[in-house]
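Asker: Kindly generate the corresponding structure for this input.
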Amino acid sequence: MSAFVSPSTGDDLPWDQHDPLFGAHTSAEDDPDQPDRDLPECVSSYSFLMPTLARLSCTFLLLVLAISTLYSTSPTTPQKRRSPRATSASQVRPSSFPPAPHYSRANLATDETTPALLHPDRHRDPSLKKAADARFQSLSYAFEVLSDPHKRAIYDELGEDGLKTSWEVATKGKTAQELRAEYERLNRQQLEANLENLVKSKGELTITSDARILFLSDDERIRLGGPEDLSPMQRLQSISTRQLFLKHSFTPINPATSIVLTSQLLARQGVGAGNMLIKLQHNLSSKLSLEIGTTLLRPRSLTFKSTYSPDADTFVRLDVLPLKSLSFPQPPKFTLTLGRKIFAQTTGTLTLRSGNYALGSWGKRLLQPYSDSTLSLGLHHDSGWNAELTSGVFTQQLSTSWGKTVLGGVKLNVFGVVTNTGAASVGWSADRRITENVKAGMGVEVAVNGSMTFKLRFTRLGQRIHLPILVASSFDAPLFATLTILPAAGMIATNYWILAPRKRRRVTSSKIRELRKEYADYILEKRTEALEAQALLKEHVARRIREEESKNVPLQSLLAPSASQLTIPPNRSKSHLLGFYDCAVGEKKQLRIRYRFRNKVHVHIYEDREAVGIPMREHCLE
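Answerer: The predicted structure follows:
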């Protein structure tokens, strides 16, 4: 970090020095957008601390036993599960398309049982022997994959690329559903690893601004001692920067060990400071990871963090807060978190924050008459809501949040915090992915004292920009409604008139022509294969042509032998069926079926991935 920015304090207005409103500033410790910093130096006396810790320990043990009891009675999650390992995991990537071809060739649903996996294995006409061999090999391979629960689970989650990798998985005693869950988790881990490897350098910039004068009414401004008249340009010039925070980190590439170098810069009210932090991260195993870090410049500090996950549903995390003195005058403060999946969609967490304490004579002289130790119990549901209750000697706090994705991609979050000391805040935020690698968001937070903060966020790959703007010192209902309704209306209008049409244009643009040109040989090859498959299927259909009159050979071959019915499962492209091919790559496709049933003509049009079931009475034209 070679640049230092000294922000303006807004002292150019002579009347803002005489009123507490314009002399107030936002501290780094009170800013929720800043990284976590040390708790205040609140300690307790040795004689008072021991009973308190005893009560906290008993409460901690009782809650752990309660959570374990709830978990042990839940049959939804196994207690122990070995994680699958890939010998060449770096070569595996999630398939870009759903694993439909094998299922489509056999015309089977993804949950079809093994005895239903049948395919033709011979052909009588010698002139069609070559084409029959090619189709037979394709169906044989599909049968081999879909009839093996192990390979089928890999194919469902990772596609064709997953079958090319050698896997070491403990399959004994596991059902197909458990195998699917294993590979689904592995698929998510691989996707997260690929995204993490895409960005090695990460940066974060937070600029806190004061724009209260911009939104003051004339009467309020005059009452506070301001000028009687302010032009729009003077109002804009009154916006001042209260605080600037800049952070940058870089992680070298290493499979098991990483070294993270982080530089931080903080400037507030014309005064700034900076430091560099180096952290060593090492994974001792797939279950245990360690992290230790220290600052390279003064003041010196030491941090430690460890995470242990005995299985996919349980974790324990120990976070030792930064030690300001390497002489260790007192035991280090730490945060211990225990998390476990207690229901099918609910995870419970138990967090103990030690605060200041003493071990015998170690740290006894630094104790004070009150304790800042806290115990928190949290619940996190997969639907998006979270709740956490925190209890301490003098402080109790309840925080809740709820999130939901709306408008096809806008992540809406509503949150609130209340304490027994009267401090409280509520707010909302909304984030949307603008492009594949760019996200933008905004939000409004109102504190119990009425101060309102409007926040903007921008993220591109690993670079993040936060812009908190203080807009009012007291609650202003019209301003709050404006900052809530206008952004919501703007997001809806942007999604309806800009983002959604852009997405449609992207699908129907010149890229379609490029795809056709690029895949011209592929389409021709698939057309030839489809014609060959139709020739092969004619012999199979000829035996039933009297009972089921139809000229559509590919669909005729899919009819059940003992029923005049045709069914095709949903959620797969019909271009993968035998005798079909994709003649319009990248475009929306439909299938028109014309058939005769009970001497009456029936016609119906199906979407590409829509389920097919005929005959149907509403298809009749007569």
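
Asker: contact partners of stretch 416-433?
Answerer: Applying Cβ atoms under 8 Å, 6 or more residues apart in numbering, the contact partners of stretch 416-433 are 394-401, 409-415, 439-448, 455, 457, 484, 487-488, 491, 495. In this view, the C-beta of every residue, glycine as well, is placed from N, C-alpha and C.

Asker: and the end-to-end length of it?
Answerer: 25 Å (Cα to Cα, to the nearest Å).

Asker: Return the set of buried residues in that stretch.
Answerer: Residues of stretch 416-433 classed as buried: 417-418, 425, 427-432 (neighbour count, 16 or more other Cβ atoms under 10 Å).

Asker: For it, give the mean pLDDT please.
Answerer: On average, the pLDDT along stretch 416-433 is 88.

Asker: Quick check: residue 323 vs residue 334, distance?
Answerer: 11 Å (Cβ to Cβ, to the nearest Å).

Asker: Would you mind telling me which of the two has the busier surroundings?
Answerer: residue 323 (19 against 16; other Cβ atoms under 10 Å).

Asker: Need the pLDDT of the closest residue to that one other than its chain neighbours.
Answerer: Distances taken as Cβ to Cβ, 6 or more residues apart in numbering place residue 302 nearest to residue 323, at 4.5 Å, with adjacent residues excluded. Residue 302 is assigned a pLDDT of 88 by the prediction.

Asker: now residue 451
Answerer: Residue 451 carries a pLDDT value of 85.

Asker: my read: it touches residue 470, true?
Answerer: Yes: between residue 451 and residue 470 a contact is recorded at 6.8 Å, counting by Cβ atoms under 8 Å.

Asker: Tell me which of the two has more neighbours.
Answerer: Comparing residue 451 with residue 470 by other Cβ under 10 Å, the one with more neighbours is residue 470, at 21 against 18.

Asker: Contact partners for that one?
Answerer: Shown in contact with residue 470 (Cβ under 8 Å, 6+ apart): 26, 208-212, 242, 451-453.

Asker: Run through who's touching the one helix or strand residue 378 maps to.
Answerer: With elements taken from DSSP states H and E, the one containing residue 378 is strand 374-381. Defining contact as Cβ under 8 Å, 6+ apart, one finds that strand 374-381 is touched by 56, 59-60, 63, 345-353, 355, 386-392, 395.

Asker: for stretch 271-289, same thing?
Answerer: 1, 4-6, 83, 85, 244, 256-266, 290-297, 299, 303, 306-310.

Asker: Kindly report the same for stretch 601-615.
Answerer: The contact list for stretch 601-615 (Cβ under 8 Å, 6+ apart) reads 564-575, 588-597, 616, 618-622.

Asker: Could you list which of these belong to helices?
Answerer: Using DSSP state H, no member of the contacts of stretch 601-615 sits in helices.

Asker: Can you tell me which of the residues you listed are buried?
Answerer: 566, 568-569, 572-575, 589, 591, 593, 595, 597, 619.

Asker: of these, closest to residue 234?
Answerer: Of all the buried ones among the contacts of stretch 601-615, residue 234 sits closest to residue 589, with 60.9 Å by Cβ to Cβ.

Asker: Surely the closest one touches residue 576?
Answerer: No: counting by Cβ under 8 Å, residue 589 stays clear of residue 576, with 11.9 Å between them.

Asker: ok, now which ones touch the residue nearest to residue 323?
Answerer: The contact partners of residue 302, by Cβ under 8 Å, 6+ apart, come to 292-294, 322-323, 326.

Asker: With distance to residue 534 added, can I get the residues you listed in TSV?
Answerer: Listed next are these as TSV, based on distance: Cβ to Cβ, whole Å:
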residue	distance to residue 534
292	67
293	66
294	71
322	72
323	76
326	79
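
Asker: Among the contacts of stretch 416-433, name the buried ones.
Answerer: Listed as buried from the contacts of stretch 416-433 are 397, 399-401, 410-415, 439-447, 455, 457, 487-488, 491, 495; burial here means 16+ other Cβ under 10 Å.

Asker: Out of those residues, name the ones that lie in strands.
Answerer: Judged by DSSP state E, those include 397, 399-401, 410-415, 439-447, 455, 457 as members of strands.

Asker: intersection of neighbour lists for residue 589 and residue 576?
Answerer: By Cβ under 8 Å, 6+ apart, residue 589 and residue 576 have no common neighbours.

Asker: buried subset of the contacts of residue 302?
Answerer: 293-294, 322-323.

Asker: Check those for the minimum pLDDT and say which it is.
Answerer: Within these, lowest confidence goes to residue 323 (78).
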